[in-house]
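Enquirer: What follows is a predicted structure for the sequence shown.
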Amino acid sequence: MSIAPGPVPVVSLSATTPRAPTLELATKELKGDRKFVLAAVQKDGAELRFASEELKGDREIVLAAVHKHGYALRFASEKLKADRGIVLAAVQKHGYALRFASEELKADREIVLAAVQNDGYALECASEELKADRGIVLAAVHKHGYALRFASEELKADREIVLAAVQNYGYALEFAPDELKKDRGIVLAAVQKHGYALRFASEELKADREIVLAVVQNDGTALDFASEELKNDRGIVLGAVQQHGYALRFASDELKADPFVKALARRDLELAYEYLKNLGCLRPTVASELDALGDKIAEIAKYFPELEQQAQEASARIENPCNDNGKYSRVHQGSRKEFETDFNCK
């Protein structure tokens, strides 16, 4: 902390004016004054850092400090870092304060459980034995899935624990063994939480259409990790670019050049309408081609509801423009001129 030049301010200890003592700026004498230090740590536990070595070993002062700020345990004497009551109070306030506890208390199940229930990351500081304790690890990953990283290898392969971890934090899939990265239920839970977790799935599941569709609807840019085949899947790519236009970058070259995919990625209504007009000029004679054209027009209405009416009109005109005698039906006679104007047909 930088100190501005000038005289050191005088700190009043008057009970009627409870200003916060600042031990860093205090004299050596005040840093050893029990009453002064106690008042300081009751206001901010981290002030214990500036107390005299003697007072860092004062149980009442340290307890007051960790009740206010668990990380104050860092500045306690080695003796008090091994004090069960002090450490328990510290980890209940800030779980990761377990880092500063004695090795013996890092192996104390009650203390570690309290720590991980407050902060799953605290599992990193637990003894190797407790990193292999199923109850401890399950509590840790429920608090934060990333804690799976610190579990024993055996528990990283425990399906229930991995599922709990990825449901809390999808990216925890990274720490699962390869066998569980192939588990469809595990991967689906992970990508539903965080789409980018697809990055850690098996190659087989990166090519699973249902999983990838769930991913891109949550995070379009996760298309980056889909199989090459699915990057060329129109439905997948449309879902991705609708969620995030930047996903177009990861589509196949063919779909990057698709006018409707580009329109959707840019949310460009004018470009979508131009595409609709071009479709409206088509007159397929093969039933399958007519169906495909109808699907494309319906697709426009789905993604651009502003164009739904125009899409319905175009679809109606294309599907049944003529009677058996080759003349335009009465239904379409009145709209033919409008159709040619609207859709630039010759």
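Expert: Yes, it's here.
Enquirer: Quick one: residues contacting V162.
Expert: L148, K156, A172, L173, A176, L180, I186 (C-beta atoms under 8 Å, 6 or more residues apart in numbering). Where you see a C-beta, it was placed from the backbone N, CA and C, and this is true even at glycine.
Enquirer: Output the residues you listed in a markdown table, with secondary structure, pLDDT and distance to L248 appended to each entry.
Expert: Listed next are those as a markdown table, based on DSSP: H, G, I helix; E, B strand; the rest coil; pLDDT from 0 to 100; distance: C-beta to C-beta, whole Å:
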| residue | secondary structure | pLDDT | distance to L248 |
| --- | --- | --- | --- |
| L148 | helix | 98 | 34 |
| K156 | helix | 98 | 36 |
| A172 | helix | 98 | 29 |
| L173 | helix | 98 | 26 |
| A176 | coil | 98 | 31 |
| L180 | helix | 98 | 32 |
| I186 | helix | 96 | 29 |
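Enquirer: which among the residues you listed gets closest to G245?
Expert: Among the contacts of V162, L173 lies closest to G245 (C-beta to C-beta), at 26.3 Å.
Enquirer: my read: that closest one touches Q167, true?
Expert: No: in this structure L173 lies outside contact range of Q167 using C-beta atoms under 8 Å: 10.8 Å.
Enquirer: Any idea how many residues pack against G57?
Expert: 15 (other C-beta atoms under 10 Å).
Enquirer: Name the nearest residue to it, ignoring sequence neighbours.
Expert: The shortest distance from G57 to any non-neighbouring residue, by C-beta to C-beta, 6 or more residues apart in numbering, is to S77 (3.7 Å).
Enquirer: doesn't R59 make contact with that neighbour?
Expert: No: S77 is not in contact with R59 according to C-beta under 8 Å; the separation is 9.5 Å.
Enquirer: These two - which one has more neighbours?
Expert: S77 (17 against 14).
Enquirer: how near is E160 to A132?
Expert: 15 Å (C-beta to C-beta, to the nearest Å).
Enquirer: Next: E204.
Expert: Counting by C-beta to C-beta, the gap from E204 to A132 is 30 Å.
Enquirer: what do you get for E299?
Expert: Relative to A132, E299 is positioned 53 Å away (C-beta to C-beta).
Enquirer: For these two, indicate the residue with more neighbours.
Expert: Taking neighbours as other C-beta under 10 Å, E299 and A132 compare with E299 leading, 18 against 15.
Enquirer: check contacts around the closest residue to that one other than its chain neighbours.
Expert: Leaving out its chain neighbours, the residue that sits closest to E299 by C-beta to C-beta, 6+ apart is F260, at 7.0 Å. By C-beta under 8 Å, 6+ apart, the contact set of F260 is A272, Y275, K296, E299, I300.
Enquirer: Could you say which helix or strand holds the last one?
Expert: I300 belongs to helix 287-303 when assigned by DSSP states H and E.
Enquirer: got it, and the first one?
Expert: Assigned by DSSP H and E, A272 falls within helix 269-280.
Enquirer: Just the buried positions in that helix, please.
Expert: Within helix 269-280, the residues that count as buried by 16 or more other C-beta atoms under 10 Å are L271, A272, Y273, Y275, L276, L279, G280.
Enquirer: Now do the contacts for the fourth one.
Expert: With contact taken as C-beta under 8 Å, 6+ apart, Y275 is in contact with P259, F260, A263, I300.
Enquirer: which residue packs closest to the spatially most central residue of the chain, ignoring adjacent ones?
Expert: Nearest to the geometric centre of the chain sits H194, at 4.9 Å (C-alpha atoms, centre = their mean). Excluding the flanking residues, the one nearest H194 by C-beta to C-beta, 6+ apart is G170, at 3.1 Å.
Enquirer: rewinding a little: mean confidence score for the helix holding A272?
Expert: The average of the pLDDT scores along helix 269-280 is 88.
Enquirer: And for stretch 287-300?
Expert: Taken as a whole, stretch 287-300 has a mean pLDDT of 86.
Enquirer: again with stretch 252-261
Expert: Averaging pLDDT along stretch 252-261 gives 94.
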